[in-house]
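> here are the coordinates; sequence isn't available:
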């Protein structure tokens, strides 16, 4: 059916970018990452080349969207031939409903005879009473361990919401209000976690300070550049935020807080304490997924130089980034078809897309080859944008970015001489984009003879007004109605989380 609507070539390219997105997700599956970093030799557990003696002394705690998949390979490693285990107990705080979601994927769940207690909470990624109870249990466990014990802490994106322990006298409800207000105002993950650490009794290294056990944290990053103190708000990492950092964030976004909460934050002092009993190990990040995406797209470009990672730290307002992505596509196509030169690749455009200056030189060199050979080129991005919510619709940052790209691509390519196809995809690696069942979406523009076809034209034929949906932050409704949801990415919960991936495929054709 799709081939009849769009033509075989365009459908093949749709499939290619969706496959590349899937390959990126597969590369950061937690169970596979654990196997790379954790080994066992007789009665020694080797974690990132550091040895730990086993004598029935291992405990596991974890919090985040991806920690469920980390447990099974650890359980298997810690079992002995007589079916006994060096794993004595543990607690995981995981998203609401995740066990049911993964009920048909047993490899993502602990063993049926597991000693790990699974607790669900933080529905819609908001700290709640259930997550608070989980945090209390985790704290109780780690506080009672001795220096002879080995504590393995599993941390991934979503961990901040799943380990809420407000610093008294602030209540959980008050902390929820602060986080919600900051999120709606457009605060990024670094800013959110700065405030979370100041309001928490466990974040910012406070969990590590509670225990005497030898502690190893295995961390899957969902933060740009992977600063360990920011991932899940760094519960086992020294907090080096300057005094007053949290109050500065609240002031920036004009978020009001109760006087007792303000006093509590003002009393927080800078932490200079190191944790000699703690080792923090980064096992996967956005860069891991980007590398896998680039490898997958080599099938399209036939040349690894034409499948280029431009940034792993894309950030900013999602709709603005969508517009800038369309500007990049238009600039590249103008060079390819000979109606422009590399001067159109302005430094400001690269800055807006979080691309460092040295990559601009690589892109210009690449375009000389692409212009001559008319070969396909893929630009790959990763990171996490934000949405300043001003409408009442339903959507997420990835869908909003794609909708914005589609609108601005139409304008940018109106007079273009480029012959070929432009495809753009943006999706969250956790399989969830905002409060929706989609990870993101994709769109297209393709030249025809005469004229062109685009997703925007298709929308107008179905009496959908893209600008109206964008203004109302209603991108999910738009894509759900458009061609029966064909352009939505719906992989479901993936069991991992390393922020978002964007793929821009420019496919020139002769004639």
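Structure's in. What do you need? These numbers come from a predicted model, not from an experiment.
> Give me the distance between residue 238 and residue 46.
To residue 46, residue 238 is 25 Å away according to CB to CB, to the nearest Å. Any C-beta I mention is one placed from the backbone N, CA and C, and that applies to glycine too.
> Could you check which of those two has the larger neighbour count?
Using other CB atoms under 10 Å as the criterion, residue 238 and residue 46 rank with residue 238 on top: 18 against 14.
> nearest spatial neighbour of the more buried one, skipping sequence neighbours?
In space, residue 238 comes closest to residue 205 once its chain neighbours are excluded; the distance is 4.9 Å by CB to CB, 6 or more residues apart in numbering.
> Heading C-terminal from the lowest-mean-pLDDT helix or strand in the chain, find the next helix or strand.
Here the helix or strand of the chain ranked lowest by mean pLDDT, DSSP states H and E is helix 2-6, holding a mean of 47. The helix or strand immediately downstream of helix 2-6 is helix 8-27, counting by DSSP states H and E.
> If I follow the layout properly, residue 233 ends up in contact with residue 159?
Yes - the criterion here is CB atoms under 8 Å, and residue 233 meets it with residue 159 at 7.3 Å.
> number of nearby residues for residue 123?
Residue 123 has 14 neighbours, counted by other CB under 10 Å.
> those strands in the stretch 301-450 of the chain, which residues are they?
Counting by DSSP state E, counting those that start in this stretch, the stretch 301-450 of the chain has strands at residues 307-314, 377-383, 420-428, 440-447.
> Now tabulate these in a markdown table and tack on mean neighbour count, distance to residue 462 and mean pLDDT.
Formatted as a markdown table, these follow (neighbours: other CB atoms under 10 Å; distance: least, CB to CB, whole Å; pLDDT from 0 to 100):
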| stretch | mean neighbour count | distance to residue 462 | mean pLDDT |
| --- | --- | --- | --- |
| strand 307-314 | 21 | 30 | 94 |
| strand 377-383 | 25 | 29 | 96 |
| strand 420-428 | 27 | 20 | 97 |
| strand 440-447 | 27 | 14 | 96 |
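> what about the stretch 1-150 of the chain, any weak spots by pLDDT?
Along the stretch 1-150 of the chain, the parts satisfying pLDDT under 70 run over 1-8.
> Which stretches in it count as helices?
Along the stretch 1-150 of the chain, the stretches classed as helices by DSSP state H, counting those that start in this stretch are 2-6, 8-27, 30-37, 68-78, 98-101, 129-143.
> For residue 214, find the nearest of those helices.
Residue 214 lies closest, by CB to CB, to one member of these: helix 129-143, at 11.8 Å.
> Now do the buried residues in the closest one.
Under the neighbour-count criterion of 16 or more other CB atoms under 10 Å, helix 129-143 has 130-132, 134-135, 138-139, 141-142 buried.
> what sits up against whichever strand or helix holds residue 288?
Assigned by DSSP H and E, residue 288 falls within helix 286-301. Applying CB atoms under 8 Å, 6 or more residues apart in numbering, the set of residues contacting helix 286-301 from outside is 13, 16-17, 19-21, 23-28, 33, 221-222, 224, 226, 304, 307-309, 312, 375-378, 380-383, 429, 498-499, 501, 503, 505, 507.
> For that helix, buried residues please.
Of the residues in helix 286-301, 286-294, 296-297, 300-301 count as buried by neighbour count, 16+ other CB under 10 Å.
> Okay, angle between it and strand 420-428 too, please.
For helix 286-301 against strand 420-428, the angle between stretch directions is 160 degrees (axes from the mean of the first three to the mean of the last three CA atoms, to 10 degrees).
> State the mean pLDDT of helix 286-301.
The predicted model assigns helix 286-301 a mean pLDDT of 90.
> now the angle between helix 8-27 and that helix, please.
150 degrees.
> Sketch out the low-pLDDT regions of the stretch 251-400 of the chain for me.
In the prediction, the stretch 251-400 of the chain carries residues with pLDDT under 70 at positions 269-272, 301-305.
> so where do the helices sit in it?
In the stretch 251-400 of the chain, the helices defined using DSSP H, counting those that start in this stretch lie at 259-266, 286-301, 318-336, 347-352, 357-373, 397-412.
> Reformat those as a markdown table; add distance to residue 61.
As requested, the helices of the stretch 251-400 of the chain are arranged in a markdown table below (distance: least, CB to CB, whole Å):
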| stretch | distance to residue 61 |
| --- | --- |
| helix 259-266 | 25 |
| helix 286-301 | 24 |
| helix 318-336 | 34 |
| helix 347-352 | 41 |
| helix 357-373 | 40 |
| helix 397-412 | 30 |
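> Looking at the helices of the stretch 1-150 of the chain, which is nearest to residue 464?
Comparing the helices of the stretch 1-150 of the chain by their distance to residue 464 (CB to CB), the top pick is helix 2-6, with 16.0 Å.
> who touches stretch 122-139?
When contacts are defined by CB under 8 Å, 6+ apart, stretch 122-139 is touched by residues 61, 63, 91, 93, 95-97, 117, 119-121, 158, 160-166, 172, 175-176, 179-180, 201-202, 207, 210, 435.
> Quick one, which of these are buried?
In terms of neighbour count (16+ other CB under 10 Å), the buried residues within the contacts of stretch 122-139 are 61, 63, 91, 93, 95-96, 117, 119-121, 158, 160-166, 172, 175-176, 179, 201-202, 207, 210.
> thinking again about what came up before, now, which of the buried residues of helix 129-143 sits nearest residue 150?
The shortest gap between residue 150 and any of the buried residues of helix 129-143 belongs to residue 142, at 11.9 Å (CB to CB).
> Skip the chain neighbours and tell me the closest residue to residue 147.
Excluding the flanking residues, the one nearest residue 147 by CB to CB, 6+ apart is residue 212, at 4.9 Å.
> what sits against the residue lying closest to residue 325 once chain neighbours are set aside?
Nearest residue to residue 325 in three dimensions, chain neighbours excluded: residue 405, at 5.1 Å (CB to CB, 6+ apart). By CB under 8 Å, 6+ apart, residue 405 lies in contact with 322-323, 325-326, 424, 426, 443.
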